[in-house]
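Colleague: turn this into a structure:
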Amino acid sequence: MLLNRKAEKELQMIFGLFVLLIISLVVLSLFFKFTEKSSGKMEGASSEYFKKADLDTVKQDCQSKCDQINTDNDAIEFCKVSVKIDWNGDKTILGNATYGKWKFCEAKVPCFVLVDNCKQGMYDGAKCRDILFNPDNYNLPAYDALAGGDVDPALHDDGCGLPDDNSNWKVKFGFTPRNP
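Modeller: As a prediction, the model looks like this:
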């Protein structure tokens, strides 16, 4: 009888440990599910923060270029600056993006599109086109064809398939090639 009681206590202890193991596994499972959801939210929030920070940095750099315009050379530098940025946060710089009323390629975002009112609107896309495509502003052979009305293809080819309408800043401001 004494042996029976001892065996019974050992079985109760093993059963108790087994129940404790199951409860701890359930608690750990719940803990990991909770932390997984929390870390996913944190990751999303941090990537959104860094995306916004990158956009703000690019806009500030372009605004700084605008603020530095005092001469014709400064204006040329502002107008020809374009930046590469992952606008939509997909970790590539391949597609097109939209900012306000403009569509552009992530691989080539012109500063004059990002700076809404450079020098009280003095340096918008139309003015930048006049500056950039004025052969008198350059002493380069690539710009000799500009006198005939054609634009150097390197200045307008971004390779992301922008629509051919006025939402495309290149169409609106005349940065697309003209056929003679």
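Colleague: what about residue 134, how many residues nearby?
Modeller: Residue 134 has 14 neighbours, counted by other Cβ atoms under 10 Å. Using the backbone N, CA and C atoms, a C-beta is placed for each residue, glycine as well.
Colleague: shaky segments in the protein?
Modeller: 1-3, 37-51, 135, 137-159, 176-180 (pLDDT under 70).
Colleague: how far does the longest helix along it sit from the chain's center?
Modeller: Ranked by residue count under DSSP state H, the longest helix found in the chain is helix 2-67. From the chain centre to the centre of helix 2-67 is a distance of 29 Å (Cα atoms, centre = their mean, to the nearest Å).
Colleague: and that helix, what does it pack onto?
Modeller: Where contact means 3 or more Cβ pairs under 8 Å, 6 or more residues apart in numbering; DSSP states H and E, helix 2-67 is packed against helix 72-80, strand 82-83, helix 111-114.
Colleague: residue 169: which of the ones you listed is closest?
Modeller: Residue 169 lies closest to helix 111-114 among the helices and strands packed on helix 2-67, at 5.2 Å (Cβ to Cβ).
Colleague: immediately after that closest one, which helix or strand?
Modeller: Counting by DSSP states H and E, the next helix or strand C-terminal to helix 111-114 is helix 125-132.
Colleague: counting contacts, what elements does that next one pack onto?
Modeller: Applying 3+ Cβ pairs under 8 Å, 6+ apart, we find helix 125-132 packed against helix 72-80, helix 111-114, helix 169-173.
Colleague: list the buried ones in it?
Modeller: Buried residues in helix 125-132, counting neighbours by 16 or more other Cβ atoms under 10 Å, are found at 125, 127-129, 131-132.
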